[in-house]
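A.B. asks: Sequence and predicted structure below; questions after.
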Amino acid sequence: MTAFSATASGKIILFGEHAVVYGQPAIAVPVNIVQARAVVTAAPRSPAGAVHLMAPDVGLDTLLADLPADDPLVLAITLTASQLNIPRLPAMEIRLTSTIPVAAGFGSSAATSIALIRALAAFIGQRLSQAVVSDLAYQVECRHHGNPSGIDNTVITYGRPVYFVRGQPFEPLEPAQPLTLVIGDSGVQSSTGAVVADVRRLHEAQNEQTQAAFQSMGELARQARTLIQAGQVDELGRLMNRNHALLRSLTISSPELDRLVDAALAAGALGAKLSGGGRGGNMIALVTEPSAGAVEKALRSAGAVRTWVTTVNAKCKG
Ligand code: MEV
């Protein structure tokens, strides 16, 4: 039986998380060392419309029809079927696997949707443009996470570093020098949607201060774009530290993340900050390649449950 499979990488946010929800620019890069995969095969013995979903990593083994209509997997499949003009799906089995930690700031939900949308389109025998894949994943994120900016689905679909402003076409970003990053997982799971909702309440209650912090983050992202394009890595680290301080001032960090950021800097990182939704999940440290091992070691001693080293090259394939 032919299997149609597709993958999608994880992502990290270098600058501008949360501020991007409010129209400020942000920078994100794909992380190919973690991936979501969807494999679709025909199930000719099952009746038309019977979609069997398996995700062994999370213990899911069910018929699509038995999941609630607002489940993100159901949304991804029904939105894709409607986009492909397929009123009744042929019987099939869908197997989902992922090495992307969940609720950790890696964009796991968007990556799963994107792998699923791509594999389903391949199975049906139709091509979807990147723009359509990204938009379908955005629709799933919208119904599931409240008010996403669109940065996660964009960076993951296109698989390259992006300078992103909500509602505008993204700008591909080509680093003049490779950027070596150490990622540390605090081990604390955190729902991005919940933190985004908290930040909205803060924005309503303390509008001026929150707006000023967002504007400063936007300015950091603009400066970072120039430094990345010029290959000025040292200065980039300082901007990351300032971005982390601003996120902290908005209560988006946590003691665990602050400890990891401090440990990375003490071990020689050029800069460090939380990445993604915050209050848990990942932090990132910009390092020189030779110091990556020492920074990883320091992060583990400071409580990181997992670490990864990733390099952002000028041309990053998805
Ligand atoms: C999540 O990866 C980034 C946030 O800014 C949310 C969003 O942009 O949708 C926290």
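C.D. replies: Thanks, I have the structure now.

A.B. asks: and the stretch 51-200 of the chain, which residues reach the ligand?
C.D. replies: Gly107, Pro148, Ser149, Ile151, Asp152, Thr192, Val196 (CB under 6 Å from any ligand atom). Where C-beta positions appear, they are placed from N, C-alpha and C, glycine not excepted.

A.B. asks: Just the buried ones out of these, please.
C.D. replies: Gly107, Pro148, Ser149, Ile151, Asp152, Thr192, Val196 (16 or more other CB atoms under 10 Å).

A.B. asks: Could you dump the residues of the stretch 51-200 of the chain next to the ligand into a markdown table with pLDDT and secondary structure added?
C.D. replies: As requested, these are exported to a markdown table (pLDDT from 0 to 100; DSSP: H, G, I helix; E, B strand; the rest coil):
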| residue | pLDDT | secondary structure |
| --- | --- | --- |
| Gly107 | 95 | coil |
| Pro148 | 96 | coil |
| Ser149 | 97 | coil |
| Ile151 | 98 | helix |
| Asp152 | 97 | helix |
| Thr192 | 92 | helix |
| Val196 | 95 | helix |
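
A.B. asks: Which parts of the chain are strands?
C.D. replies: 3-15, 26-42, 51-55, 60-63, 92-98, 162-164, 171-172, 179-185, 271-274, 282-287, 306-312 (DSSP state E).

A.B. asks: Take those and lay them out in TSV including mean pLDDT and mean neighbour count.
C.D. replies: Below are these laid out as TSV (pLDDT from 0 to 100; neighbours: other CB atoms under 10 Å):
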stretch	mean pLDDT	mean neighbour count
strand 3-15	98	24
strand 26-42	97	23
strand 51-55	97	19
strand 60-63	96	12
strand 92-98	98	20
strand 162-164	98	23
strand 171-172	96	12
strand 179-185	98	25
strand 271-274	98	29
strand 282-287	98	29
strand 306-312	97	18
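
A.B. asks: Tabulate those strands (JSON lines), appending distance to Ala69.
C.D. replies: Output for the strands of the chain, formatted as JSON lines (distance: least, CB to CB, whole Å):
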{"stretch": "strand 3-15", "distance to Ala69": "23"}
{"stretch": "strand 26-42", "distance to Ala69": "20"}
{"stretch": "strand 51-55", "distance to Ala69": "14"}
{"stretch": "strand 60-63", "distance to Ala69": "14"}
{"stretch": "strand 92-98", "distance to Ala69": "17"}
{"stretch": "strand 162-164", "distance to Ala69": "30"}
{"stretch": "strand 171-172", "distance to Ala69": "36"}
{"stretch": "strand 179-185", "distance to Ala69": "32"}
{"stretch": "strand 271-274", "distance to Ala69": "34"}
{"stretch": "strand 282-287", "distance to Ala69": "31"}
{"stretch": "strand 306-312", "distance to Ala69": "34"}
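
A.B. asks: quick one on the thing from earlier: of the residues of the stretch 51-200 of the chain next to the ligand, closest to Ala6?
C.D. replies: Nearest to Ala6 out of these is Gly107 (CB to CB; 15.8 Å).

A.B. asks: who's in contact with that closest one?
C.D. replies: Contact analysis of Gly107 by CB atoms under 8 Å, 6 or more residues apart in numbering lists Gly10, Lys11, Ile100, Asp152, Val155, Ile156, Gly276.
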